[in-house]
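When you get a sec, could you give me coordinates for this:
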Amino acid sequence: MIAMALASALLAAATATATDAAKAPTVWPARDVPWTDAPAVKGAKVALLWGDPKKEANGTFKKFPPGTEIPPHTHTHEQRTVVVAGTLRLRVADAPARDLTPGSFALVPGGVVHAATCAPESECIVYEELPGPADFIPAKAEEKK
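Numbers count the residues shown, from 1 in each chain. Got it, this is the predicted structure:
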């Protein structure tokens, strides 16, 4: 419940800062969230909530099946993440991995290598936002260590 409240608060704040303030409100009950296949991670789903990830700041829900491994990568812009469901084990740069449970927050600056694994017990759902276009840049071999 707390995680959903945090995600809702983030979504409300992000929507308030969207570039087109004249847009009509968007309200989706969970059953109506428009999930599509995520191109960067096999088996994952993504739901665009606001913005255009090809051109501007954006917010998304991402859903990962249990045990999904997200390989080491970077983004051009910082990435802000709130875990909504499941346990996401996040490893940032050379720091030890941390288990993020619902309500947890992470901010990874642009250009910082990170990787994640969804715990095997249940699927993971996260809310993510980027202040600019979205990208997924695989880490170079020397950065994956």
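
Do a quick rundown of the helices in this protein.
For the chain, the helices defined by DSSP state H occupy 2-16.

now the strands for this structure?
Applying DSSP state E to the chain gives strands spanning 36-37, 45-51, 58-64, 69-74, 79-85, 88-92, 98-100, 105-108, 114-118, 124-130, 137-138.

what's the nearest residue to residue 114 if we skip its chain neighbours?
Spatial nearest neighbour of residue 114, excluding adjacent residues (CB to CB, 6 or more residues apart in numbering): residue 92 at 4.6 Å. From N, CA and C alone the C-beta is placed, and that goes for glycine too.

still on that earlier bit, most tightly surrounded among the strands of the chain?
Mean neighbour count, computed with mean count of other CB atoms under 10 Å, is highest for strand 124-130 among these, reaching a mean of 23.

How about residues contacting it?
Applying CB atoms under 8 Å, 6 or more residues apart in numbering, the contact partners of strand 124-130 are 7, 10-11, 14, 49, 53, 57-64, 66, 68, 75, 77-88, 118.

CA atoms only: put it into PDB for me.
Coordinates of each C-alpha in strand 124-130 appear next as PDB, following Å, rounded to 0.1, in the frame of the first residue of the first chain:
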ATOM      1  CA  CYS A 124       9.000  -7.000  -9.900                       C
ATOM      2  CA  ILE A 125       7.200  -3.800 -10.800                       C
ATOM      3  CA  VAL A 126       9.000  -0.500 -10.700                       C
ATOM      4  CA  TYR A 127       8.100   3.100 -11.500                       C
ATOM      5  CA  GLU A 128      10.900   4.800 -13.400                       C
ATOM      6  CA  GLU A 129      11.400   8.300 -14.700                       C
ATOM      7  CA  LEU A 130      14.100  10.000 -16.700                       C
END
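
what angle sits between that strand and strand 114-118?
Inter-element angle recorded for strand 124-130 and strand 114-118: 150 degrees (by axes from the mean of the first three to the mean of the last three CA atoms, to 10 degrees).
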